[in-house]
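Participant: my questions are about this predicted structure, shown below with the sequence.
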Amino acid sequence: MMECPVCSTVVDAALMVPGIHATLDLSPKPGDLSICVYCFAVAIFTDDGRLRIATPKECEEVPDSVLKLIGTLPTGRKPS
Ligand SMILES: [Zn+2]
């Protein structure tokens, strides 16, 4: 089970970002980006299938289209 490296929310769902993903395969690959919809932490999938906090440089590389999409998502509420 994967967890957000910042807020420890279990990562159990993914969204395809139009224009970023070429296929419908949503399985994360090492190096893929993950943005937590609860705390907005930017994380990177590692070779062993976990998430680590992205470096500041990696955060700068998040495309504007992704940031816009994140802004449209209902966020901020953890399931109780
Ligand atoms: Zn989080």
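Facilitator: Yes, it's here.

Participant: longest helix in this structure, please.
Facilitator: Ranked by residue count, the top helix of the chain under DSSP state H comes out as helix 64-71.

Participant: center of this protein - which residue?
Facilitator: The geometric centre of the chain, computed from its C-alpha atoms, lies nearest to Ser34 (CA atoms, centre = their mean), at 1.6 Å.

Participant: which ones are touching that one?
Facilitator: Ser34 makes contacts with 11, 14, 28, 42-45, 51, as judged by CB atoms under 8 Å, 6 or more residues apart in numbering. (Glycine included, C-beta is placed from N, CA and C.)

Participant: direction included, what does the helix or strand containing it pair up with?
Facilitator: Element membership for Ser34 (DSSP states H and E) is strand 33-35. Using DSSP bridges, strand 33-35 pairs in its sheet with strand 42-45 (antiparallel).
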